[in-house]
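Trainee: Prediction below, plus the sequence it came from.
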Amino acid sequence: MSEKKKERKVHTYYKINGEKLVRNLRKCPRCGVFMAHHKKPVPRWACGGCSYTEYITNEQ
Ligand SMILES: [Zn+2]
């Protein structure tokens with residue numbers, strides 16, 4: 001039972017973190033288009049125009 005509770009807590013935290021990042025949209029430093037946020041396989045911002053990728057490392 002305790003294992004299930006722990007898993008749920010982590011999931012909730014991750015979701016909040018993701019929404020916060022999505023709301024704060026980034027623009028590509030190379031071509032200026034809005035970048036797409038991806039959570040998998042690793043959290044990152046990706047540009048659809050020039051394939052620029054910025055990895056998110058601020059989650060703990
Ligand atoms: Zn770009």
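Mentor: Yep, that arrived.
Trainee: continuing past the helix or strand of the chain with the lowest mean pLDDT, what's the next helix or strand?
Mentor: For the chain, counting by mean pLDDT, DSSP states H and E, helix 2-23 ranks last in confidence among helices and strands (a mean of 55). Per DSSP states H and E, the first helix or strand lying C-terminal to helix 2-23 is strand 36-38.
Trainee: tell me the mean pLDDT for that next one?
Mentor: Strand 36-38 comes out with an average pLDDT of 91.
Trainee: E54 in helix, strand or coil?
Mentor: Secondary structure, DSSP: H, G, I helix; E, B strand; the rest coil: E54 is strand.
Trainee: and it, bridged to which residues?
Mentor: In this entry, E54 is beta-bridged to W45, by DSSP bridges.
Trainee: Distance check, it against the ion.
Mentor: 10 Å (Cβ to the ion, to the nearest Å). For glycine as for every other residue, the C-beta is placed from the backbone atoms N, C-alpha and C.
Trainee: Go ahead and confirm that residue touches H37.
Mentor: No: the criterion here is Cβ atoms under 8 Å, and E54 misses it with H37 at 10.1 Å.
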